Structures are given as structure tokens and as C-alpha cells.
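Student: test case, fold it:
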Amino acid sequence: MKEREKPKLPEAGPSGPSAGGLPSAADEPTSAEPRPKKKLAGAFFVSLGIFATKIFGVIRNSVIAGFLGTSAAADAFNAAGRIPNLLQNLFGEGALSASFIPIYSRLRADGQEDEAGYVASGVLLTLALVVTILVALGMLFTPQLLPILAGGLKGETRAMAIDFVRILFPGIGILVLSAWCLGVLNSHRRFFLSYAAPVAWSMVMIAAFWYYGPRQSVNEVARTGTWAFVVGAVAQLLVQVPTVLKLVGRNMRFSLGWSNPNVRAVLRNFVPVGISRGIVQISNYVDIAISSFLPQGTLSLLTYATTISYVPVSMFGIGISAAELPEMSSVTGSEDERFRQLRERLNAGLRHIAFFVIPSAIAMVAAGDLMAAALFEHGKRFNHQNTIFIWGILAGSAVGLLASTSGRLYSSTYYALHDTKTPLKFACVRVALTSILGYIFAVPIPRMLGIDGHWGGAGLTISFGIAGWTEYMLLRHSLAKRIGRTGVPLSLSTKLWMSAAIAGAAAFGLKQVLPFSNKVIAAVFVLGSFGIVYLAATLVMKVPEAIVLLRRLKLAR
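Tutor: Prediction:
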């Protein structure tokens with residue numbers, strides 16, 4: 001194809017971090033600073049889509065736990081499901097969104113629809129080419145990868161994991177292509193479909209386990225589940241394709257477009273973001289590697305606990321960050337005006353995250369046992385002691401829950417500024433801390449205390465929380481001199497933690513006197529009471545987000 005003259009990449013803000021002091025409580029933004037004119041409607045639809053996905057994800061893992069429990073097959077299945085995720089994290093949603101959406105959204109904001117379609121085509125074809133090669137290499141070298149990533153798996157468990165990983169690699173490749181669809185849909189503000197699409201994947205897996213679970217042995221049903229994973233990935237991709245083709249199909253070209261400056265810009269930005277995602281992914285593999293040396297079932301317990309702890313991260317951290325990235329990337333005006341708008345959007349998102357995530361963390365500490373029992377304590381392969389271990393893992397996850405969710409929004413702000421290097425630098429710090437603290441908290445400390453080695457899973461999540469807070473503070477520190485002071489006001493943060501503590505105490509006390517023997521009913525009653533007490537407390541303390549939420553609830557009736 002003859003190369004057309006392409007417009008240059010639209011001007012973005014400065015890309016390098018400035019040195020400066022960490023904002024103190026006195027530096028917190030005041031309520032006098034205006035809120036963004038555009039409400040967080042996009043975040044609502046992202047959260048709604050993620051909520052649907054997580055509900056089905058919880059059901060999926062509940063069904064899986066019922067048939068696999070904490071058996072060797074469960075460890076092999078859960079390890080296999082996480083190992084190929086390196087591809088999805090390197091080339092999937094996070095990295096692709098951070099490099100593709102800012103440029104694609106800016107082109108659309110400037111009315112360059114044809115150029116935007118050309119960029120989308122080049123990115124898709126390049127992504128398909130690279131992922132195909134990596135999937136083939138992953139399947140070929142699985143036996144060599146497994147000892148590096150999960151060296152603690154031995155014997156039959158190791159053999160099953162190798163088999164499962166080879167089956168799963170093509171499914172992960174399909175999910176990476178699905179992430180391209182998500183990038184296009186998010187840029188066009190079609191948030192619900194992009195984040196609800198994984199429901200199709202979960203439904204396929206739920207159906208497979210329900211049908212084959214009673215008919216096969218535990219090892220056989222685990223292998224069937226890996227094939228269901230691949231079929232579900234295809235279903236997730238296909239539900240997005242018609243809408244994506246309707247939005248961008250007429251402007252697409254069958255060309256890699258590597259000579260196009262905007263395609264090159266996406267690919268150039270993708271490298272540091274991909275490395276950043278890869279660095280963060282290393283912390284997840286530290287989790288797998290360390291837990292594979294802990295007693296059998298610990299790896300599965302961590303996976304089941306993540307089903308619960310990742311719900312608030314996904315709904316509020318990912319939800320708000322995903323909705324804000326195209327909005328922040330489309331900000332125009334002078335440098336001061338752009339920074340003002342970015343600051344307003346960031347602060348509004350941080351307040352929204354804190355309002356929902358702080359009580360989520362306290363709820364996991366106060367009632368994590370009820371959550372785990374209601375979801376997983378059924379069938380013959382999951383007992384009450386496993387529930388207690390998951391409660392400990394959830395309590396450990398609560399340590400860094402707010403930092404993890406807020407840090408995602410800070411990273412999106414950097415990506416909107418076309419600065420992909422700063423988040424990478426701080427991600428390296430996080431991984432270093434995770435690796436060192438994770439080993440210390442998971443292996444030597446339980447031995448020194450003379451407690452069951454399964455408690456090492458809780459030690460892992462505590463170490464991740466400490467590392468997450470370190471990364472969050474570094475991101476905030478660096479951004480302060482770029483766009484101005486940001487963060488949740490100290491007065492608001494205090495009110496939210498006090499309200500959550502009151503609700504947590506009420507829930508913990510109620511849990512001790514409940515007459516219900518049914519775990520699901522008990523969990524619904526206690527968690528429902530927690531939510532009511534938290535909302536009442538925040539209303540008494542006149543938290544603006546609580547007042548707005550109450551008004552919306554009244555309008556929804």
C-alpha cells in the first residue's frame with residue numbers, strides 16, 4: 001500500500017517526573033477545588049460490567065472449589081491458570097490500554113476517524129503476529145518454564161500442570177486479542193460490554209464443571225476445565241466482535257502500518273508499559289513460586305481468596321481507572337488547564353475509590369470467614385479449616401487494598417500524560433519488596449512461630465500490601481510536582497475509616513450471636529448489616545459521597 005502522509009501524534013503534556021516533597025496532610029486538596037464537570041458515568045458502567053463479571057467469577061470459583069477443593073489437581077489447575085497469564089498481562093488489557101487508548105482517543109477527539117481506524121488495524125495485526133509466536137513458544141517450552149515459575153510442584157502435580165499449561169496457552173492468546181476489543185470499546189465509551197464480556201467465559205467453565213464434575217474423577221475434571229477455559233476465551237472474544245466491527249470496521253485497513261507515526265507511537269509506548277506490566281507480573285509469579293513450596297493446597301487457597309479480594313480492586317480500582325484513561329487522554333488546552341483538569345478528575349476518582357474500598361478492607365477482616373464459608377465450604381473437598389486459612393489471607397489482603405486500587409488510578413494519570421517510564425520505575429521497587437518480604441513472611445516466620453505452614457499464604461498477602469503502599473506513595477510523590485497536590489483530604493479519610501471500623505465492630509459482634517446455621521444466609525445478613533451501618537455512619541458524619549449515594553438509591557426506587 002502506498003504510504004499516505006499521516007498527521008503527527010497530537011501534543012501531550014511533559015513526560016518526565018519532577019522532584020519534589022511528598023504531600024503532607026496539610027497539603028491535601030481542599031473542597032474549594034471544583035469537581036470535574038463530567039461525572040463518573042463511565043466508571044459506573046465499567047463497575048457494572050465488572051460487577052457482573054465478578055459475580056459469575058465468584059460462582060465459577062465456588063463451583064471449581066466444590067469439585068477440586070485443595071487437592072493436587074486443584075493446585076495444578078490453579079497454577080496452570082496463572083502461569084500463561086504472563087501473556088495476558090504483558091500484551092493484554094493493562095499494557096494495551098495504556099499505550100493504545102491515549103493515542104486512539106486523541107485522534108478521535110480531533111475528528112481523525114480514518115486515521116484512528118488505521119492505527120487500530122496496525123495494532124491488531126501486530127498483536128496477533130507477536131502473540132501467535134509467543135503462544136507457540138510457550139507450548140513448546142512449558143516443561144522448562146514450570147520449574148522456574150512453580151518449582152515446588154513435584155511428581156503427579158507437576159505432570160498435570162505441564163499438561164494443563166499447554167492446553168491453556170492458546171486460550172490466553174485469544175484473551176489478548178479480546179483485550180484489543182476492550183481498548184476500542186473503551187475509547188468509544190462502550191464500557192459495559194467490554195467489561196461484562198468475561199461473563200461468557202465464566203458461563204462456559206461453570207457449565208463444564210457442573211456437567212462433567214459428577215461424571216469424572218478429580219484429575220479428569222481438572223483437565224476438562226482447562227479445555228473449557230479455551231472455549232470460554234473464544235466466547236468472550238466473539239461477544240465483542242460485532243460491536244467492534246460496527247464502530248471501527250469501515251475505517252480499518254489490512255496493514256501492519258509500521259511506517260505510520262501513530263502506530264509507531266503506540267508500539268513505542270507499549271514497550272515500557274509492557275515491561276512495567278511484566279515487572280508487576282513478576283510479583284504474581286513470586287506468589288506462585290513461594291506458595292508452590294508451601295503445604296499442598298496453599299496455592300489453591302490463595303486463588304480462591306483472590307476471588308473475593310479482587311472484587312473491590314476490579315470494580316473501583318480498574319473500573320474508575322479504565323473509565324478515566326480515555327477522558328484524561330482527551331483533555332485539551334494550555335498546560336495549566338490540562339493539569340487542572342487532570343487534578344480534578346484524579347481527586348474525584350480517589351474519593352470515590354476510598355468511599356468503597358476502605359469498608360471493603362474492613363469487611364474482609366471482620367467477616368472474611370463468613371465470605372469464604374458461604375462461597376467455598378460445600379462438598380467433600382473443602383473443610384472449615386480451609387475457610388479459616390482463607391480468612392487469614394483476606395485479612396492480609398486488606399493491608400494493601402486501598403493502595404492497590406488508588407495506585408491504578410495514579411498510573412492511568414501518568415499514561416494520559418504519555419509518561420510510561422515513571423510507573424515502570426516504581427513497579428520495580430514494588431516487585432523487589434514483594435520478593436524479599438514475601439519469602440520472609442511466608443516461609444521463615446511461620447516456622448519461627450511454630451504455626452501451620454498454610455498461614456504462609458496470609459504472610460504473602462501482607463507483604464504485597466506493604467509493597468503496594470510503597471508504590472502508591474512513590475507514584476503520588478512524583479506526580480505532586482507535575483500537576484499539583486492530589487489525594488483524599490485527611491478529614492474525609494478519617495471519617496471513612498471511623499465509619500468502616502464502626503460497621504466492622506457491629507458485623508463482628510453480630511456474627512457471634514447469629515442463630516443461622518446456613519452459611520449463605522448468615523453471610524448475607526452480616527454483610528448487609530455491615531453495609532447499612534457504614535452508610536448510616538457516613539451520613540451522620542456528612543460524607544458527600546454517602547449523601548449522593550443515598551439520593552441515587554432513592555431515585556432508583
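
Student: let's see stretch 102-113 as PDB, backbone CA atoms only.
Tutor: Extracted in PDB, the C-alpha atoms of stretch 102-113 (Å, rounded to 0.1, in the frame of the first residue of the first chain):
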ATOM      1  CA  PRO A 102      -4.500   7.700  24.700                       C
ATOM      2  CA  ILE A 103      -3.400   7.900  21.100                       C
ATOM      3  CA  TYR A 104      -6.600   6.400  19.600                       C
ATOM      4  CA  SER A 105      -8.800   8.600  21.800                       C
ATOM      5  CA  ARG A 106      -6.900  11.800  21.000                       C
ATOM      6  CA  LEU A 107      -7.200  11.100  17.200                       C
ATOM      7  CA  ARG A 108     -11.000  10.600  17.600                       C
ATOM      8  CA  ALA A 109     -11.300  13.700  19.700                       C
ATOM      9  CA  ASP A 110      -9.600  15.600  16.800                       C
ATOM     10  CA  GLY A 111     -12.000  14.200  14.300                       C
ATOM     11  CA  GLN A 112      -9.500  11.900  12.600                       C
ATOM     12  CA  GLU A 113     -11.600   8.800  12.500                       C
END
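
Student: tell me the buried residues in that stretch?
Tutor: Going by neighbour count (16 or more other C-beta atoms under 10 Å), the buried part of stretch 102-113 is P102, I103, Y104, S105, R106, L107, R108, A109, Q112. In this view, the C-beta of every residue, glycine as well, is placed from N, C-alpha and C.

Student: what is the nearest of those residues to W227?
Tutor: Y104 (34.5 Å; C-beta to C-beta).

Student: remind me what the helix or strand harbouring V234 packs against, helices and strands.
Tutor: V234 belongs to helix 218-248 when assigned by DSSP states H and E. On a contact count with 3 or more C-beta pairs under 8 Å, 6 or more residues apart in numbering; DSSP states H and E, helix 218-248 meets helix 41-68, helix 72-82, helix 113-140, helix 155-187, helix 191-196, helix 198-212.

Student: circling back to that earlier point, in strands only, show me the buried residues of stretch 102-113.
Tutor: Of the buried residues of stretch 102-113, none are assigned to strands by DSSP state E.

Student: possible to save those residues as TSV with distance to V248 and pLDDT?
Tutor: TSV is the format used below for the buried residues of stretch 102-113 (distance: C-beta to C-beta, whole Å; pLDDT from 0 to 100):
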residue	distance to V248	pLDDT
P102	17	77
I103	14	81
Y104	9	79
S105	13	77
R106	15	78
L107	11	81
R108	10	79
A109	15	75
Q112	13	79
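
Student: now, which of those residues sits nearest K554?
Tutor: Ranked by distance to K554 (C-beta to C-beta), the buried residues of stretch 102-113 are led by S105 at 34.6 Å.

Student: from T226, how far off is the closest one?
Tutor: Distance from S105 to T226, counting by C-beta to C-beta, to the nearest Å: 36 Å.

Student: related to what we said a few turns ago, now intersect the buried residues of stretch 102-113 with the helices, please.
Tutor: P102, I103, Y104, S105, R106, L107, R108, A109 (DSSP state H).

Student: make CSV out of these and add distance to S435.
Tutor: Formatted as CSV, these follow (distance: C-beta to C-beta, whole Å):
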residue, distance to S435
P102, 31
I103, 34
Y104, 35
S105, 35
R106, 37
L107, 40
R108, 41
A109, 41
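
Student: one step back: so which of the buried residues of stretch 102-113 comes closest to T387?
Tutor: Closest approach between these and T387, by C-beta to C-beta: P102, at 43.7 Å.

Student: who does whichever strand or helix holds I521 touch, helix- and strand-wise?
Tutor: Here I521, judged by DSSP H and E, is contained in helix 519-540. The elements that helix 519-540 packs onto, with contact taken as 3+ C-beta pairs under 8 Å, 6+ apart, are helix 335-376, helix 490-513, helix 544-556.

Student: worst average pLDDT in those helices?
Tutor: Of all the helices and strands packed on helix 519-540, mean pLDDT reaches its minimum on helix 544-556 (a mean of 80).

Student: can you tell me the element P147 falls in?
Tutor: With DSSP H and E as criterion, P147 is part of helix 142-149.

Student: pLDDT on that helix, on average?
Tutor: Helix 142-149 shows a mean pLDDT of 76.

Student: circling back: closest one to E471 out of the buried residues of stretch 102-113, please.
Tutor: Checking the buried residues of stretch 102-113 against E471 by C-beta to C-beta gives P102 as the nearest, at 21.4 Å.

Student: not counting sequence-adjacent ones, nearest residue to that closest one?
Tutor: Counting by C-beta to C-beta, 6 or more residues apart in numbering, S329 is the residue found nearest to P102 once chain neighbours are left out, at 3.8 Å.

Student: neighbours of V513, how many?
Tutor: As a burial measure, V513 scores 6 neighbours (other C-beta atoms under 10 Å).

Student: V331 versus that one, what's the distance?
Tutor: From V513 across to V331, the span is 53 Å (C-beta to C-beta).

Student: and if you look at R338?
Tutor: Remark: distance between R338 and V331 (C-beta to C-beta) = 5 Å.

Student: then Y304?
Tutor: When C-beta to C-beta is the yardstick, Y304 and V331 sit 41 Å from each other.

Student: more neighbours: these two, which one.
Tutor: Neighbours per residue (other C-beta under 10 Å) separate Y304 from V331, with Y304 holding more: 27 against 20.

Student: and the strand or helix carrying that one, how far out from the chain's middle?
Tutor: Following DSSP H and E, one finds Y304 within helix 298-312. Averaging C-alpha positions (C-alpha atoms, centre = their mean, to the nearest Å) puts helix 298-312 12 Å from its chain's average.

Student: mean confidence score for that helix?
Tutor: The average pLDDT for helix 298-312 rounds to 84.

Student: contact partners for S309?
Tutor: By C-beta atoms under 8 Å, 6 or more residues apart in numbering, S309 lies in contact with M364, I393, L394, S397, A398, L401, T461.

Student: again, but for A116
Tutor: Per C-beta under 8 Å, 6+ apart, neighbours of A116: Y104, L107, R108, V248, N251.

Student: 10 Å instead, please
Tutor: Neighbouring residues of A116 by C-beta atoms under 10 Å, 6 or more residues apart in numbering: 103-110, 184, 187-188, 248, 251-252, 262.

Student: of those, closest to Y211?
Tutor: Taking C-beta to C-beta as the measure, Y211 lies nearest V184 of these, at 34.1 Å.

Student: thinking that closest one is in contact with L177, fair?
Tutor: No - if you go by C-beta atoms under 10 Å, V184 and L177 don't touch, sitting 11.4 Å apart.

Student: what do those two both touch?
Tutor: L124, Q240.

Student: so those two - more neighbours on which side?
Tutor: Using other C-beta under 10 Å, the more surrounded residue of V184 and L177 is V184, with 24 against 20.

Student: tell me the contacts of the more buried one?
Tutor: So V184 contacts 100-101, 104, 116-117, 120, 123-124, 190, 194, 240, 243-245, 247-248 (C-beta under 10 Å, 6+ apart).

Student: let's see that with 8 Å instead.
Tutor: Going by C-beta under 8 Å, 6+ apart, V184 touches Y104, A120, V244, L247, V248.

Student: pull the most distant pair out of those residues.
Tutor: Y104 and V244 (12.4 Å).

Student: mind checking the SS state of the residue most central in space within the chain?
Tutor: Taking C-alpha atoms, centre = their mean, the centroid of the chain lies closest to S314, which sits 4.8 Å from it. Counting by DSSP: H, G, I helix; E, B strand; the rest coil, the backbone at S314 sits in helix.

Student: contacting residues around it?
Tutor: By C-beta under 8 Å, 6+ apart, the contact set of S314 is I50, T53, K54.

Student: for the stretch 351-500 of the chain, give me the ranges with low pLDDT.
Tutor: Filtered on pLDDT under 70, the stretch 351-500 of the chain yields the residue ranges 379-380.

Student: appreciated, that's everything.
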